[in-house]
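Participant: Quick check, what structure comes out for this input:
(one chain, ligands or ions: 1)
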Amino acid sequence: MTRGAIVVGASSGIGEALARELSEEGYELGLTARRTEKLKAIGAELPTKSYVATMDVTDTEDARAGFFELAEAMESVDLVVANAGIGVVNRDLEWGPEHDTIETNVSGFVAVVTEALEYFEANPTPEGEPDGHLVGVSSVAAHLGNGAIPAYNASKAFVSRYLEGLRYRQAGRDAAVTITTIEPGYVDTKLTMGEFWKASPEKAATQIARAIRRRERHAYITRRWRLVAWVVKLLPEFVLRRLFA
Ligand SMILES: NC(=O)c1ccc[n+]([C@@H]2O[C@H](COP(=O)([O-])OP(=O)(O)OC[C@H]3O[C@@H](n4cnc5c(N)ncnc54)[C@H](OP(=O)(O)O)[C@@H]3O)[C@@H](O)[C@H]2O)c1
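Facilitator: I've put the predicted structure just below:
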């Protein structure tokens, strides 16, 4: 039976690499983002069938309608990856970048994942097949504040907590949708903000795909980043202030 995956934010970086990886695994792909030409070029290179839908997640009503149309057009949607995100260094706290970050990483994220869950709950899988799988791409940044990019880290804390809440909500529901939180450290894309332990998008995608296959609740990408998440919890505030001023 054909399996289908929608990747929101598939036009570059982690989303592009993951779309390629999932296609290699046999998924048909629904590719969405704002840059239509890039999506078409990626889709043309995939070994499985692909569908392209231009989407700006900050236009929330339009994004939700577009997501539904894309899902309806595909043969099957078994997996949705909410990966679209931006990060802007903004020490001067200009309103524009703070607003854009919240609109994309928080409002846009919620618009997409609520629509995805609604779709999974309205379209139960046949007896014996696993129910849908929703994957949200957060960040290790969710675990700490950062003076250079305060809205980004706060938005990722929101994403991680929101997904945790959705997992609790799933308990006892008829549709046993799996919800996976992905928290990458530095990955070599145009968004990245550091060099330390930087992984290629391909390596990140391989590890995300493994977490998807195992239907894990949570995965650090790469796995060693769990150490950072653990250490920042132990550091006193005066040290964190020096590191993340
Ligand atoms: N790279 C890292 O070090 C790192 C670390 C931790 C977490 N992450 C997270 O990983 C995710 C992917 O980022 P990346 O590093 O792969 O960067 P990227 O190459 O810039 O990819 C971001 C993706 O999000 C899409 N996007 C941005 N704004 C959008 C909007 N308004 N509507 C629809 N799509 C939108 C972009 O497509 P268009 O521009 O075509 O719309 C692109 O496909 C993000 O959520 C990011 O926060 C990255």
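
Participant: avg pLDDT for the longest helix along the chain?
Facilitator: Ranked by number of residues, the top helix in the chain under DSSP state H is helix 150-170. The pLDDT scores in helix 150-170 average 97.

Participant: Remind me what that helix packs against, helices and strands.
Facilitator: Judged by 3 or more Cβ pairs under 8 Å, 6 or more residues apart in numbering; DSSP states H and E, the packing partners of helix 150-170 are helix 95-102, helix 109-122, strand 133-137, strand 178-184. Placement of C-beta: from N, CA and C, glycine included.

Participant: hmm, 7 Å instead?
Facilitator: When contacts are defined as 3 or more Cβ pairs under 7 Å, 6 or more residues apart in numbering; DSSP states H and E, helix 150-170 sits against helix 95-102, strand 178-184.

Participant: List of residues touching the last one?
Facilitator: Strand 178-184 has contacts (Cβ atoms under 7 Å, 6 or more residues apart in numbering) with 14, 133-140, 142, 160, 163, 166-167, 170, 204, 208, 211-212, 215-221.

Participant: Please indicate which of these are buried?
Facilitator: Among these, those buried by neighbour count (16 or more other Cβ atoms under 10 Å) are 14, 133-140, 142, 160, 163, 166-167, 170, 204, 208, 211-212, 218-221.

Participant: which of those are close to the ligand?
Facilitator: Contacts with the ligand within those, as defined by Cβ under 6 Å from any ligand atom: 14, 137, 139.

Participant: Pull the longest helix of the chain out as PDB, backbone CA atoms only.
Facilitator: Taking C-alpha atoms only, helix 150-170 is exported to PDB below (Å, rounded to 0.1, in the frame of the first residue of the first chain):
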ATOM      1  CA  PRO A 150      15.100  35.600  22.300                       C
ATOM      2  CA  ALA A 151      12.000  35.000  20.100                       C
ATOM      3  CA  TYR A 152      13.500  32.000  18.400                       C
ATOM      4  CA  ASN A 153      14.300  30.100  21.600                       C
ATOM      5  CA  ALA A 154      11.000  31.000  23.100                       C
ATOM      6  CA  SER A 155       9.100  29.900  20.000                       C
ATOM      7  CA  LYS A 156      10.900  26.500  20.100                       C
ATOM      8  CA  ALA A 157      10.000  26.200  23.900                       C
ATOM      9  CA  PHE A 158       6.400  26.700  22.700                       C
ATOM     10  CA  VAL A 159       6.700  24.000  20.000                       C
ATOM     11  CA  SER A 160       8.200  21.400  22.400                       C
ATOM     12  CA  ARG A 161       5.600  22.100  25.100                       C
ATOM     13  CA  TYR A 162       2.700  22.200  22.600                       C
ATOM     14  CA  LEU A 163       3.700  18.800  21.200                       C
ATOM     15  CA  GLU A 164       4.000  17.400  24.700                       C
ATOM     16  CA  GLY A 165       0.400  18.700  25.300                       C
ATOM     17  CA  LEU A 166      -0.800  17.000  22.100                       C
ATOM     18  CA  ARG A 167       0.700  13.700  23.200                       C
ATOM     19  CA  TYR A 168      -1.200  13.900  26.500                       C
ATOM     20  CA  ARG A 169      -4.300  14.800  24.600                       C
ATOM     21  CA  GLN A 170      -3.900  11.700  22.500                       C
END
